[in-house]
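*Asks:* Following is a predicted model, sequence given first.
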Amino acid sequence: MDYSKFFKSHIYDISPYIPGKTVEKFIKLASNENDYGPSKKVIDTIKEKARYVFRYPYKDEIVKEKISEYCNSSIKKNLIKKENIILGNGSDELIEMIIKAFKSPYIGFYPSFPEYERNAKIFNEVYYKIPLEKNFMFNYEKFINNEKFEKSNVVFLCSPNNPTGGIVERRDIEKILKFDKIVVVDEAYYEFSNLTVVDLIEKYENLVVLRTMAKAFGIAGLRIGYGISNEEIIKFLHKVKAPFNVNFMAQEAALSSLDDIQSMKEKVQKILKNKEELIKILDKKFKTFESWTNFVLVDVSPYTAKEFYDKLYEKGIIIRPFGKFENFEGEYVRITVGTEEENEALINAIEEIF
Ligand SMILES: Cc1ncc(COP(=O)(O)O)c(C=O)c1O
């Protein structure tokens, strides 16, 4: 059948999102999950609440309230109210809502999280990408002096950045906030960096911060993220939100996760310690980049990313191969930091193979 009269022509060029590969019994270090898993409280809650899943989700307001308390405790201020929060089916969905609600052009840097650009393409909108420095550092002057910056309405700053692990300095974010644009700061890895600009929503009406419970809180499989901004933006974003976008179990799990922040913090500390161990080994053989997250970007040349990936796969370990980044030298892979046992297995495999 000739579908071309039905299919939107701009969709043809879009590549579907390719998730990190998961194979049962393999050690998977490809999607920046928290392999220590969620708090035990979350698991108990899921078991207890399973029989109520015939209900539509109804705890949005309670979850938003609890998230606002969590945000306030991290900035030691009573600033964020539930009216400053919107929930998403993962922060992925919040990115989509932003693209649905705000006018293009959008702008971000490269390499960064691909979903900003992919969503813009889905809605047939313009997304500009400014390359990071050769060492993947963010250069404020270069970014704002690009002619495309001036044309853009929405700026996506992923900090800490996936896949490089680096940050955009707070002072640079503040300078960008002074322009007449919406500035989205994606803090998916906030709990690992302990750096946030959420407190700036008091000072800047154009700031949107995105967070997720998929990483540090270890509930990626349930899909819940949240956006924080001023009330007017949050109200506007609710207009494009799908009904019941965050499911019943995700809401329950989010509440239980936030009842046990201590357990998340302990796991984050373990992951950061494991990361140090891993980087020590990687640095002996390859080039790594400073990471404020639960993953490490590695230039594995002279091996290709595919060779590196294949060799670890043979040992039952899955990492994320990128290969070359356009206009950058090197062969890149991203490795999520796993549990102590996973890290040990990975380190042994690296020592043995490379
Ligand atoms: C920077 C960044 N933003 C957003 C997301 C999406 O997170 P979620 O699982 O909440 O949709 C990810 C996931 O990898 C990410 O790395």
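*Replies:* That came through fine.
*Asks:* Going along the chain, name the helices of this protein.
*Replies:* Taking DSSP state H to define them, one finds helices in the chain at 40-49, 60-75, 91-101, 115-122, 140-145, 147-151, 170-177, 190-193, 231-238, 248-258, 261-285, 305-314, 340-353.
*Asks:* and of the ones you listed, who's closest to Leu210?
*Replies:* helix 91-101 (4.7 Å; CB to CB). C-betas here are computed from N, CA, C, even on glycine.
*Asks:* buried sites along the closest one?
*Replies:* Residues of helix 91-101 classed as buried by neighbour count (16 or more other CB atoms under 10 Å): Ser91, Asp92, Glu93, Leu94, Ile95, Glu96, Met97, Ile98, Ile99, Ala101.
*Asks:* what sits opposite Gly88 in the beta ladder?
*Replies:* Residues in a beta bridge with Gly88, per DSSP bridges, are Gly225.
*Asks:* mind checking how far it is from Gly166?
*Replies:* 24 Å (CB to CB, to the nearest Å).
*Asks:* who has more neighbours, the two?
*Replies:* Gly88 (25 against 22; other CB atoms under 10 Å).
*Asks:* gap between the more buried one and Gly330?
*Replies:* In terms of CB to CB, Gly88 sits 33 Å off from Gly330.
*Asks:* Can you name the residues of the chain sitting close to the ligand?
*Replies:* 32, 90-92, 113, 158, 162, 186, 188, 212, 214, 220, 225 (CB under 6 Å from any ligand atom).
*Asks:* do that again at 8 Å, thanks
*Replies:* Neighbours of the ligand within the chain, by CB under 8 Å from any ligand atom: 31-32, 88-95, 112-113, 115, 158, 160-162, 186, 188-189, 210, 212-215, 220, 223-225.
*Asks:* Near the residue of the chain found nearest the ligand, how many other residues are there?
*Replies:* Residue nearest to the ligand within the chain (CB to the nearest ligand atom): Gly90, separated by 2.5 Å. By the criterion of other CB under 10 Å, Gly90 has 21 neighbours.
*Asks:* Just confirm it contacts Lys215, I think it does.
*Replies:* No - Gly90 lies out of contact with Lys215 (CB atoms under 8 Å); the separation is 10.6 Å.
*Asks:* Now for Val63: which residues touch it?
*Replies:* Each residue near Val63 by CB atoms under 8 Å, 6 or more residues apart in numbering is listed here: Leu87, Ile224, Val246, Gln251, Ala254, Leu255.
*Asks:* For the last one, list the residues it contacts.
*Replies:* Read it as Leu255. Per CB under 8 Å, 6+ apart, neighbours of Leu255: Thr45, Lys59, Ile62, Val63, Lys66.
*Asks:* repeat for the second one
*Replies:* By CB under 8 Å, 6+ apart, Ile224 lies in contact with 63, 87-90, 212-214, 246, 250-251, 253-254.
*Asks:* would TSV of the buried residues of helix 91-101 with pLDDT be doable?
*Replies:* Output for the buried residues of helix 91-101, formatted as TSV (pLDDT from 0 to 100):
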residue	pLDDT
Ser91	97
Asp92	97
Glu93	98
Leu94	98
Ile95	98
Glu96	98
Met97	98
Ile98	98
Ile99	98
Ala101	98
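*Asks:* how many other residues sit next to the closest residue to Pro19 other than its chain neighbours?
*Replies:* The shortest distance from Pro19 to any non-neighbouring residue, by CB to CB, 6 or more residues apart in numbering, is to Ser31 (6.5 Å). Using other CB under 10 Å, Ser31 has 17 neighbouring residues.
*Asks:* which ones are touching Ser31?
*Replies:* Per CB under 8 Å, 6+ apart, neighbours of Ser31: Pro19, Gly20, Thr22, Ala220, Arg320, Thr336.
*Asks:* Mark which of the residues you listed are buried, thanks.
*Replies:* So, by 16+ other CB under 10 Å, the buried ones in these are Ala220, Arg320, Thr336.
*Asks:* would CSV of those residues with distance to Phe286 be doable?
*Replies:* Formatted as CSV, the buried ones among the contacts of Ser31 follow (distance: CB to CB, whole Å):
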residue, distance to Phe286
Ala220, 27
Arg320, 15
Thr336, 16
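*Asks:* what would those look like in TSV with pLDDT?
*Replies:* Output for the buried ones among the contacts of Ser31, formatted as TSV (pLDDT from 0 to 100):
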residue	pLDDT
Ala220	98
Arg320	96
Thr336	98
